[in-house]
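Undergrad: Structure for this input, please:
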Amino acid sequence: MNYAVLDQANLYYQGKTAFDFNSGFHISGVETNSPDLVDSIDCAPLPRINKDDPVYGAETSNIPMVVWSKSEHPEICKAFIETLYEDETYTEFLGATPVGMLPSITGISDTEKYQSNEIVQKFSNAEQVISEAVELSAAIGFEHGPSVEAGLLTSQGIIEEMFQDIITNGTDVKKAAKAAEEKLNEVFESVQ
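TA: Now for the predicted structure:
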């Protein structure tokens, strides 16, 4: 009940669970923790009721890069972010965790440097499945574009703690929801 995403991932990396709803980041996790299993993993679209039902997306996560309004040197921050999107730097960045990080810049996946990566080649099916799902998905709270509040909402575990409190401790739903709301408001106030 109280496993975080990394706890669940570790079970998959160790071959203790058969599947995990996650991403291409699992490739490097299995490679590091159970290299003997790396040739036995792949990615599949989310299950559908009928095989001719359309493929659909689910939650997608993304990490926004922002320059805070109170940054001491916003111009340096902006310049740094811009360098990350230069083709050569960006392709090298993606190569740090191939198929775990997928190109968001059009054309990068067509370049020789990107395509020559051994992991990208080996897990081309996984890359295709994930890329298709990402196109159909949105991060929680990002359905209408980037949002600092949505990022905070999904990264603090407050909603998960609320559900766990209700399920495992029998806490009244309204009481647990009120406590979660207060915690979330505290977090939101920290960025204003």
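Undergrad: Please name the nearest non-neighbouring residue to residue 77.
TA: Counting by CB to CB, 6 or more residues apart in numbering, residue 77 lies nearest to residue 67, which is 4.3 Å off, once chain neighbours are set aside. The way it works is simple: take the backbone N, C-alpha and C, and place the C-beta from them, glycine included.
Undergrad: what about the one you found, which helix or strand?
TA: Using DSSP states H and E, residue 67 falls within no helix or strand.
Undergrad: For it, which residues are in contact?
TA: Remark: with contacts taken as CB atoms under 8 Å, 6 or more residues apart in numbering, residue 67 is in contact with 74, 77, 78, 81.
Undergrad: Who wins on neighbours among those?
TA: Taking other CB atoms under 10 Å as the neighbour criterion, residue 77 ranks highest of the contacts of residue 67 with 15 neighbours.
Undergrad: How confident was the prediction at it?
TA: Looking at residue 77, its pLDDT stands at 94.
Undergrad: secondary structure class for residue 109?
TA: Here residue 109 is recorded as helix under DSSP: H, G, I helix; E, B strand; the rest coil.
Undergrad: Could you list the buried residues of the helix or strand of the chain with the lowest mean pLDDT?
TA: One helix or strand of the chain scores below all others by mean pLDDT, DSSP states H and E: helix 148-155, with a mean of 73. Within helix 148-155, the residues that count as buried by 16 or more other CB atoms under 10 Å are 150, 151, 152, 153, 154.
Undergrad: Could you verify my assumption that residue 13 touches residue 27?
TA: No: if you go by CB atoms under 8 Å, residue 13 and residue 27 don't touch, sitting 10.1 Å apart.
Undergrad: follow-up on the earlier one: can you name every helix or strand that the least confident helix or strand of the chain contacts?
TA: helix 173-189 (3 or more CB pairs under 8 Å, 6 or more residues apart in numbering; DSSP states H and E).
Undergrad: What angle do helix 148-155 and the helix it packs on make with each other?
TA: For helix 173-189 against helix 148-155, the angle by axes from the mean of the first three to the mean of the last three CA atoms, to 10 degrees is 130 degrees.
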